[in-house]
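Undergrad: build the 3D model from these lines:
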Amino acid sequence: MKLNELSDKEGATHSRKRLGRGIGSGSGKTGGRGVKGQKSRSGVAINAFEGGQMPLFRRLPKRGFVNIFAKTFNVISLGRIQQAIDAGRLDASNEINIGTLVASGLLRRPKDGVRVLGDGELTSAVKLNVAGASKSAVEKIEKAGGSITTA
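TA: The predicted structure follows:
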């Protein structure tokens, strides 16, 4: 078999519709759009338009606000850090920060920082450099002989 002999299976490709080629073609006149006027034109966006009636999103009251400066943190527990150390994915002798957590596969992507929670047990003495930590996490890290610095 040669590259020039390769072809799709029968019926895998369809020829494109040629619109607006006369009434006899089956897709003439309105070209499959069904209507004349605004909806038949290209580039029309009538989202949420309700025929002049006040749209639903304008009828409902607005509540609260969204803080555009809010930071989103990755959250990780001490138990998961200990599991990664036991599995050999993290090195307890080196400093653990957001970069090493992403490289080890514990976090998918770095957001605005990491916050450590005190779930699970920590037996290794680790040196953490993170954005924040809960009180119980700080206690467990220091009890295990490690240290933590928060930004």
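Undergrad: residues touching the most far-flung residue of the chain relative to its centre, list them.
TA: Here the centre of the chain is the reference, and by CA atoms, centre = their mean the most remote residue is residue 24, at 48.5 Å. Applying CB atoms under 8 Å, 6 or more residues apart in numbering to residue 24 gives no contacts. Placement of C-beta: from N, CA and C, glycine included.
Undergrad: that one should be in a helix, yeah?
TA: Yes. Using DSSP: H, G, I helix; E, B strand; the rest coil, the assignment for residue 24 is a helix.
Undergrad: any idea of the pLDDT on it?
TA: At residue 24, the model reports a pLDDT of 90.
Undergrad: show me where the protein has its helices.
TA: Secondary structure of the chain by DSSP state H: the helices cover 56-59, 78-87, 98-104, 135-143.
Undergrad: chain center to the first one: distance?
TA: This means helix 56-59. The chain centroid and the centroid of helix 56-59 are separated by 28 Å under CA atoms, centre = their mean, to the nearest Å.
Undergrad: likewise for the third one?
TA: Relative to the chain's own centre, helix 98-104 is displaced by 18 Å; criterion: CA atoms, centre = their mean.
Undergrad: ok, and what's touching that helix?
TA: Contacts for helix 98-104 (CB under 8 Å, 6+ apart): 74, 76, 84, 89-91, 94, 107-110, 113-114, 130-131.
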